[in-house]
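Peer 1: Provided below for reference: sequence and predicted model.
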Amino acid sequence: MTGQRKLHIKSYGCQMNAYDSHRMADILASQGYAETALPEDADLIILNTCHIRAKAAEKVYSELGRVRKLKERAEQDGRRMLIGVAGCVAQAEGEEILRRAPAVDLVFGPQNYHRLPDLVEKAERQSGVIDTEFPVEDKFDMLPAPSPAAVKARGVSAFVTVQEGCDKFCTFCVVPYTRGAETSRPVAKIIAEARQLADAGVREITLIGQNVNAYHGDGLDGRPSTLGRLLHALAATPGVKRLRYTTSHPCDVDDSLVAAHRELPSLTPYLHLPAQSGSDRVLAAMNRRHTRADYLGVIERMRRARPDIAFSSDFIVGFPGESAADFRATLALIDEVGYAGAFSFKYSPRPGTPAADMQAQVDDEIKSERLAELQDLIERHQRRFNAACRGRAFEVLLEKPGRRPGQLVGRSPYLQPVQVDASADRIGEIVTVMIAEIGSNSLFGNLPASTGVSPDLDRTPAAMGA
Ligand code: SAM
Ligand code: SF4
């Protein structure tokens, strides 16, 4: 193939996959591929997949059915189209994908996408290329920096992977098997990436990792760092105005992370801290390595450090052996913490994980009832949290055009979308917005006459409805 080739990537699942998809586009850009939003125009389609629940994995196979038809049509027009499957389904199922979907040309895991130029070249010559080994080389060392134009097109808020993999082995979870052992990138390399992003116009960076607060990359002094120290170093990077991180494990919240929340104004007072369950019995069966009291202790330490902090969480209902009393304990935890939001899932048995073989699997009907009850409770807390935002002043990073002409939408510190009347040239500014109205999905606010970051926003817990 010669000339400009077209690439379409469809990303499923977590932010780690969204980041990986960008990096795949970067490495293929260096090989002459330009991204297209239209799969039918592509020379190469990559599905970057998620294996966390059965539904997520099955979605991939139905999408592959659709993509196969595009490939057949391209072939009828005398055009070659390659199909790649990346991500955690690729890692977990490998050859099984080629068996179930023979139209697929290449299958590669989350640790191998730096080899894409070679893999694509191979797939042009032979069918069914697979690479799901855990390589010895560090993929981050092999990836080119994104072009400033690519960074600009992706917006003023960006993800940076700082940690990958997980050694926790929660009994329900596939991540330690699909993403491998925990590794951290060195502080110097993360700072260099943050500088490139800031130079190209990024103002907010979210540090991501499956278990981000287990971060222990080499510090600038050569000794292992912590997430708290990394956040301090990044806060001093010119152009980086706002920092977030996700996803954290309650056992890995150390004093340096609490100090970062106390000391860094650019670190948003919002923490996604998955609890999974409020029952000690279920937490032990999940191998979460913490109790309900430990979890509440972390919440308390964070609140003391940063009184306006708010929390979100992940919950699983219907874990094997979860009784009605266990489920009530989860509802009680939600009431006790008063979350600003949360994700919740029915337990999905994943092949190869210990919980999939446990006795006392819960009926799907009970799981559905519990999920509906739990989501109803979370929604009530979220509405209460949002209602308490009316009349408050928030720092909002203006990100892109809003719902109506003349409007921009940005994010509050608590990740709520905020619609504001403002001209497009203000995208990338952090402005103080007075919240006037609360919608079902967004907040609506006004810019005071003068703009800029307000020094005296109300940061008391009462102000935040906590
Ligand atoms: N590392 C994070 C943590 O410690 O909670 C989250 C990782 S996982 C990508 C995101 C969420 O998916 C989990 O927090 C959990 O709630 C959910 N999850 C993982 N495995 C699941 C399963 N087998 N069934 C249902 N939900 C699951
Ligand atoms: Fe999965 Fe998170 Fe548990 Fe690791 S800590 S096994 S990623 S749920």
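Peer 2: Received it, and whenever you're ready, just let me know what you need. Numbering: from 1, shown residues only. Ligands and ions are numbered 1, 2, ... in the order given.

Peer 1: would you say R404 is within a helix?
Peer 2: No: counting by DSSP: H, G, I helix; E, B strand; the rest coil, one finds R404 to be coil, located in no helix.

Peer 1: Would you mind listing what in the chain touches ligand 1?
Peer 2: Contact residues (Cβ under 6 Å from any ligand atom) of the chain with ligand 1: 14, 52-53, 172-173, 175, 210-211, 247, 249, 274, 276, 314, 316, 345, 347-348, 350. Every C-beta, even on glycine, is put in place using the N, C-alpha and C of the backbone.

Peer 1: are any of those residues buried, and which?
Peer 2: Neighbour counting by 16 or more other Cβ atoms under 10 Å classes 14, 52-53, 172-173, 175, 210-211, 247, 249, 274, 276, 316, 345, 347-348, 350 among the residues of the chain next to ligand 1 as buried.

Peer 1: Now do the SS call for the residue of the stretch 301-450 of the chain found nearest ligand 2.
Peer 2: In the stretch 301-450 of the chain, the residue that lies nearest ligand 2 is D314 (8.0 Å; Cβ to the nearest ligand atom). Under the three-state scheme (three-state DSSP), D314 adopts strand.

Peer 1: Please list all residues in contact with it.
Peer 2: 247, 272, 274-276, 342-345 (Cβ atoms under 8 Å, 6 or more residues apart in numbering).

Peer 1: Look up the residues forming beta bridges with it.
Peer 2: Counting by DSSP bridges, D314 forms beta bridges with F343.

Peer 1: Tell me where the stretch 201-350 of the chain has strands.
Peer 2: Using DSSP state E, counting those that start in this stretch, the strands of the stretch 201-350 of the chain run over 204-208, 242-246, 270-272, 310-317, 341-346.

Peer 1: do the stretch 351-466 of the chain as well
Peer 2: With DSSP E, counting those that start in this stretch as the criterion, the stretch 351-466 of the chain has strands spanning 393-401, 407-411, 417-421, 430-438, 443-446.

Peer 1: which strands and helices sit next to the fourth one?
Peer 2: For strand 430-438, the helices and strands in contact under the criterion 3 or more Cβ pairs under 8 Å, 6 or more residues apart in numbering; DSSP states H and E are strand 393-401, strand 417-421, strand 443-446.

Peer 1: in the chain, which helix or strand is least confident?
Peer 2: Taking mean pLDDT, DSSP states H and E as the measure, the chain has helix 139-142 as its least confident helix or strand, at a mean of 86.

Peer 1: Show me where the stretch 101-250 of the chain has its helices.
Peer 2: Using DSSP state H, counting those that start in this stretch, the helices found in the stretch 101-250 of the chain span residues 116-125, 139-142, 148-154, 175-178, 187-199, 227-235.

Peer 1: and for the second one, what are the contacting residues?
Peer 2: Put plainly, it is helix 139-142. Contacts for helix 139-142 (Cβ under 8 Å, 6+ apart): 111-115, 161, 185, 189.

Peer 1: Alpha carbons only: can I get it in CSV?
Peer 2: The C-alpha trace of helix 139-142 is given here as CSV (Å, rounded to 0.1, in the frame of the first residue of the first chain):
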residue,chain,number,x,y,z
LYS,A,139,6.2,0.1,25.2
PHE,A,140,6.3,3.7,26.4
ASP,A,141,9.9,4.0,25.3
MET,A,142,8.9,3.0,21.8
